[in-house]
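*Asks:* Below is the structure, and that's it, no one-letter string:
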């Protein structure tokens, strides 16, 4: 296969994956408030604090849309708004106990879906896929 054919195959795989997620495999996990929860958790893991602006940036949406998504996550009891002690004008986002529990459940469900999809793969194939997918996503998302 030449490069153009490989690119076409990857593109079609991405389309098929997006369609299957929106219809079946992870559809029940595709609640917009969960996207906010993921961003807030990632910020916590990185030792930073999430804001509406960081949610907008991470989700590639404008500020008003990010604000609505954050409000949904707050209304769902997954995230709370907290005043920044260093700058009272700034509002930080933190996961609530319910949000932390939901994050853990989302990780279990997503990983179970991946495990099912890779059930007949060898350990070496899983390692290679994880490395290549991580590399692909880091470059793909940066552009």
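*Replies:* Thanks, I have it. Quick caveat: nothing in here was measured; it's all calculated off a predicted structure.
*Asks:* Taking the centroid of the chain, which residue is nearest it?
*Replies:* The chain has residue 38 as the residue nearest its centroid, 5.0 Å off, counting by CA atoms, centre = their mean.
*Asks:* who touches that one in this structure?
*Replies:* Applying CB atoms under 8 Å, 6 or more residues apart in numbering to residue 38 gives the contacts 103, 106. C-beta: built from backbone N, CA, C; applies to glycine.
*Asks:* Quickly list the domain ranges of this structure.
*Replies:* According to automatic domain parsing, the chain comprises the domains 1-29, 31-140.
*Asks:* The longest one: how far from the chain's middle?
*Replies:* Spelled out, it's domain 31-140. Relative to the centre of its chain, domain 31-140 is centred 5 Å away, using CA atoms, centre = their mean, to the nearest Å.
*Asks:* And it, end to end?
*Replies:* 23 Å (CA to CA, to the nearest Å).
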